[in-house]
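Undergrad: 3D model of this:
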Amino acid sequence: MRVLTRILKRVAGAVGKVGTQLRDRSRSAKLKVLAIARASRNKTEQGREKMKKAYLQLLEITSRVTGQAKKLAHAMAGRIQRGHRAALHKAKKQLDEMIPRVQQVLRQTRERVLRGNTQAEGKLLSIFETHTEVIRKGKAHKPNEFGKLVLIQEAENQIITHYQVCEQRPADSTLLEGCLEQHVEQFGRAPERVAADPGFFSAANESKAEQLGVKRVSIPSHDTKSPARRQRQKQRWFKELQKWRTGCEGRISVLKRRHGMRRSLYKGSDGIRRWVGLAVIADNMIHIGTHLAEQARSR
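TA: Coordinates of the predicted model:
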């Protein structure tokens, strides 16, 4: 709602009234948000009823602002066709983008608050970055994260050989074959050894890796009951590759902490891919330089 209100104010400030009376409902909405926050601390039935009532009032306020924005957008269309100021065209475009998104959020909120349905179809998590997804990794301190899943492939000397920003989060077990094929295409041969976390495990993945020429495949399976499988996972080479894989987890932390991959400052899917690519390039340059310096000192 704040986005629509800002656009409405911008239009009013730039060109004055455009066929409809503008009303600022920001204060009313803020009061309802505060009421929801206070009611959410009360876990009793009375508290839940207060929160539901505040939600309904906030929905009503937002619906009115959305209706006002729709009327304004319709009135602006006539002005733009007659060659009015460029500011109108920009504001009209923003309204056309934001109004459907706000309406989607209203539908989601009604489903969740009134009907208790938390699995609404086509759920929108961000009106600015509509491609945002919920990422659940089972972390106790952070069960839900929001963004896009990034796949990182790392080789010796901490060099990242490939990265991918997934359009929709896939199951980890479906990613390994594509990673191996990418490596073969990039280097002309399969890697000698492969290590990954348990999410990538499947018998088909191991078989495919061996068919491509991988000599050692270290992907643990915690659910196995096979004595042969358990014995395989106790072998020294298997454990050493898992230690190396654990070290690779630090690469993600470095990309987030040192290179800003925790949050993309570019907008849109293309912007996220560009941001991740720049982080990967920066990290690789550091490690390539470090490795070359070590080689020079050893001569």
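Undergrad: quick check: residue 57 touching residue 33?
TA: No. Contact criterion C-beta atoms under 8 Å: residue 57 and residue 33 do not qualify, at 10.4 Å. Heads up, the C-betas are built off the backbone N, CA and C, glycines and all.
Undergrad: buried residues in the helix of greatest length in the chain?
TA: Identified as the longest helix of the chain according to DSSP state H is helix 45-81. Buried residues in helix 45-81, counted by 16 or more other C-beta atoms under 10 Å: 50-51, 54-55, 57-59, 61-62, 65-66, 68-70, 72-73, 75-76, 79.
Undergrad: mean confidence score for that helix?
TA: For helix 45-81, the mean pLDDT works out to 82.
Undergrad: and the helix or strand following that helix, how far out from the chain's middle?
TA: Once helix 45-81 ends, the next helix or strand along the chain (criterion: DSSP states H and E) is helix 86-115. Centre-to-centre, helix 86-115 and its host chain are 20 Å apart (C-alpha atoms, centre = their mean, to the nearest Å).
Undergrad: per-residue confidence for the most centrally placed residue in the chain?
TA: In the chain, the residue lying closest to the centroid (C-alpha atoms, centre = their mean) is residue 147, at 1.2 Å. At residue 147, the pLDDT value in this model is 87.
Undergrad: which residues does it contact?
TA: Residue 147 sits next to 132, 133, 135 when contact means C-beta atoms under 8 Å, 6 or more residues apart in numbering.
Undergrad: now do the closest residue to the last one other than its chain neighbours against residue 36, distance only.
TA: Looking back up the chat, that one is residue 135. Leaving aside its sequence neighbours, residue 135 sits nearest to residue 145 (C-beta to C-beta, 6 or more residues apart in numbering; 4.5 Å). For residue 145, the distance to residue 36 equals 23 Å [C-beta to C-beta, to the nearest Å].
Undergrad: over to residue 263?
TA: 26 Å.
Undergrad: and residue 146, bridged to which residues?
TA: residue 134 (DSSP bridges).
Undergrad: and it, how many neighbours does it have?
TA: Number of residues near residue 146 (other C-beta atoms under 10 Å) recorded here: 11.
Undergrad: would you mind confirming that it is in contact with residue 135?
TA: Yes. Residue 146 is in contact with residue 135 according to C-beta under 8 Å; the separation is 6.9 Å.
Undergrad: all helices for this structure, in order.
TA: Taking DSSP H as the criterion, the chain carries its helices at 2-15, 26-40, 45-81, 86-115, 176-187, 203-212, 227-233, 236-257, 268-298.
Undergrad: in TSV, list the ones you listed along with distance to residue 167.
TA: Shown next, in TSV, are those (distance: least, C-beta to C-beta, whole Å):
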stretch	distance to residue 167
helix 2-15	25
helix 26-40	33
helix 45-81	29
helix 86-115	19
helix 176-187	13
helix 203-212	21
helix 227-233	33
helix 236-257	20
helix 268-298	7
